[in-house]
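Engineer: Fold the stuff below for me.
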Amino acid sequence: MSGSAPLTVLCLASYEKGQAFMRECKRQGCCVILLTSKSLEHADWPRESLHEIFYIPDVNKEWNKQDVIYGVSYMARMIHIDKIVPLDDFDVEMGAALREHLRIGGMGETTARYFRDKLAMRVKAQEDGIAVPEFVHILNHHKINEYISRVPAPWVVKPRMQASSLGIKKAHSPEELWHIINALGDRQSFHLLERYVAGNVYHVDSIVQDREVIFSIASQYGKPPMDVAHQGAVFTTKIIRYGSDDEQTLLALNKRVLKSMGHVSGVSHTEFIKGGDGQFYFLETSARVGGANIVELVEAATGINLWEEWAKLEIQGAAYRLPQVRKDYAGLLVSLAKQEYPDTSAYNDSEVYWRMKKLHHVGLVVRSPKEERIDELMQNYTERFYHDFFASHPAPEKPSN
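Structural biologist: Modelled structure (predicted):
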């Protein structure tokens with residue numbers, strides 16, 4: 001970037017995350033501005049890498065769209081903004097709206113919808129021949145009754161715009177289902193109804209450059225995230241065997257999904273489930289880095305930090321080149337902890353790569369060139385987590401920092 005004015009990157013973060021992205025942008029010579037929630041004024045932001053921080057009032061962790069457009073437009077009177085980058089799933093739509101309003105390049109509102117709206121992404125995937133669990137929009141009651149007469153229970157009611165497993169409810173009978181639907185009131189149309197598929201859930205984490213997937217890695221959750229959220233459990237995930245049939249199928253499906261949704265450049269976290277029939281079904285995708293410390297899992301196995309590489313890709317564009325990728329195996333464990341500051345010093349195997357430092361949480365990433373060693377450590381450490389640390393509380397309807 002020598003010989004030209006530095007790029008100004010506006011980062012949107014309604015939740016505390018993306019510090020590595022902002023630091024890398026600064027290392028790349030950018031002027032980095034953060035727009036975040038007033039409630040996060042004292043969060044651990046990388047202030048040494050930020051030119052300025054602007055705060056938006058938030059109600060229940062949500063921003064008023066018009067307030068954000070007014071605020072950023074006022075900011076743009078004095079600061080030329082080159083790029084707008086939403087760092088969380090909940091910021092994707094806001095980032096797209098700002099790009100459209102200010103006429104700044106990047107993902108617009110139509111494409112962004114496919115990476116936020118669970119109904120939109122299912123309809124698009126189905127149109128393009130990608131298998132999805134049978135679903136129906138919670139809109140026309142006649143169509144819902146036709147659906148439940150044809151598709152056997154259980155079913156799940158999913159908010160269209162939430163992330164992860166937030167707000168999902170399971171129904172085992174028409175009576176239970178209609179109780180859930182009626183309780184939604186005027187919010188019914190913001191939900192979809194889907195056949196519950198029992199099976200293993202997988203995620204593929206990717207980097208996309210000029211519509212091509214240049215990096216992807218497939219992992220399998222220990223228990224489905226919905227079960228972890230609603231039943232209480234230690235959250236685990238691990239890299240699946242390189243070159244296996246499942247890995248090759250998932251990587252190919254992931255490419256089809258990202259092409260279908262129109263992802264041009266950036267990162268993605270996409271989830272699939274393998275049903276009892278052996279079929280992989282698409283669940284959801286996103287234009288963001290995976291949450292729940294999946295970044296540390298991927299970095300342990302490959303040497304690729306998705307936050308940092310995303311920042312480089314945003315700044316360098318067509319000149320960006322992916323670093324050499326390592327192919328180790330890794331596993332991640334995370335749990336709520338009954339201790340305020342959990343002590344993991346007894347987990348002292350040489351394969352421990354990363355330790356979480358967060359109030360009332362405990363987490364580890366283990367790394368090894370041998371898949372069997374990761375399996376052994378994950379089984380041992382998960383059992384010990386339940387004994388040493390595990391705590392749970394009811395799943396929230398909305399995310400919290």
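Engineer: List the residues that contact the nearest residue to Val264 once chain neighbours are set aside.
Structural biologist: Nearest residue to Val264, sequence neighbours excluded (CB to CB, 6 or more residues apart in numbering): Arg211, at 5.6 Å. Heads up, the C-betas are built off the backbone N, CA and C, glycines and all. Listed by CB atoms under 8 Å, 6 or more residues apart in numbering, the contact set of Arg211 reads 259, 263-265.
Engineer: remind me which residues of this protein are low pLDDT?
Structural biologist: 1-4, 60-61, 164-165, 394-401 (pLDDT under 70).
Engineer: Residue nearest the middle of it, spatially speaking?
Structural biologist: Note on the chain: the residue nearest the mean C-alpha position is Gly290, at 3.6 Å, using CA atoms, centre = their mean.
Engineer: what sits up against the host helix or strand of Asn380?
Structural biologist: Using DSSP states H and E, Asn380 falls within helix 371-388. Residues from elsewhere that reach helix 371-388 (CB under 8 Å, 6+ apart): 222, 234, 236, 238-239, 241, 329-331, 333, 335, 342, 346-347, 349, 351, 362, 364, 366-368.
Engineer: does the residue lying closest to Met356 once chain neighbours are set aside sit in a helix or strand, and which one?
Structural biologist: Spatial nearest neighbour of Met356, chain neighbours left out: Gly363 (3.1 Å); criterion: CB to CB, 6+ apart. Remark: Gly363 resides in strand 361-368, with elements defined by DSSP H and E.
Engineer: Phi, psi for the nearest residue to Leu313 once chain neighbours are set aside please.
Structural biologist: Closest residue in space to Leu313, ignoring its immediate chain neighbours: Tyr320 at 4.7 Å, by CB to CB, 6+ apart. When read as degrees, to the nearest 10, the backbone of Tyr320 gives phi -60, psi 140.
Engineer: what's near enough to touch Tyr320?
Structural biologist: Counted by CB under 8 Å, 6+ apart, Tyr320 has contacts 209, 312-313.
Engineer: For Glu271, see how far away His42 is.
Structural biologist: Distance of His42 to Glu271, computed by CB to CB, to the nearest Å: 33 Å.
Engineer: Those two: who's more crowded?
Structural biologist: Remark: of His42 and Glu271, Glu271 carries more neighbours, 21 against 6, as counted by other CB atoms under 10 Å.
Engineer: So that one belongs to a helix, correct?
Structural biologist: No - if the criterion is DSSP: H, G, I helix; E, B strand; the rest coil, then Glu271 is strand and not within a helix.
Engineer: Please name the residues that touch it.
Structural biologist: If you count contacts by CB under 8 Å, 6+ apart, then Glu271 has 201-204, 283-285 around it.
Engineer: Determine which two of those are furthest apart.
Structural biologist: Maximum pairwise distance among the contacts of Glu271 (CB to CB): 13.7 Å, between Val201 and Thr285.
Engineer: Neighbour count: the two, which is higher?
Structural biologist: More crowded of Val201 and Thr285, by other CB under 10 Å: Thr285, with 27 against 21.
Engineer: what residues are up against the more buried one?
Structural biologist: Applying CB under 8 Å, 6+ apart, the residues contacting Thr285 are 114-115, 121, 257-258, 261, 268-271.
Engineer: Redo the residues you listed as TSV? Include distance to His137.
Structural biologist: As requested, the contacts of Thr285 are arranged in TSV below (distance: CB to CB, whole Å):
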residue	distance to His137
Tyr114	16
Phe115	18
Met121	13
Val257	20
Leu258	24
Met261	18
Ser268	24
His269	24
Thr270	22
Glu271	20
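Engineer: Return the member of these nearest to Leu193.
Structural biologist: Leu193 has its nearest neighbour among those in Met121, at 15.4 Å by CB to CB.
Engineer: you'd agree that closest one is up against Ala112?
Structural biologist: No - with contact defined as CB atoms under 8 Å, Met121 and Ala112 do not form a contacting pair (11.0 Å).
Engineer: Take the contacts of Tyr320 and keep only those in helices.
Structural biologist: 312-313 (DSSP state H).
Engineer: and which of the contacts of Tyr320 is nearest to Val72?
Structural biologist: Distance to Val72 across the contacts of Tyr320 (CB to CB) is lowest for Leu313, with 22.8 Å.
Engineer: So what's the residue count around that closest one?
Structural biologist: Using other CB under 10 Å, Leu313 is surrounded by 22 other residues.
Engineer: hang on, it packs against Glu212?
Structural biologist: No - Leu313 is beyond contact range of Glu212, at 11.8 Å (criterion: CB under 8 Å).
Engineer: Would you mind measuring from the closest residue to Asp89 other than its chain neighbours to Leu333?
Structural biologist: Distances taken as CB to CB, 6+ apart put Ala163 closest to Asp89, at 4.1 Å, once the chain neighbours are dropped. Applying CB to CB, the value for Ala163 to Leu333 is 21 Å.
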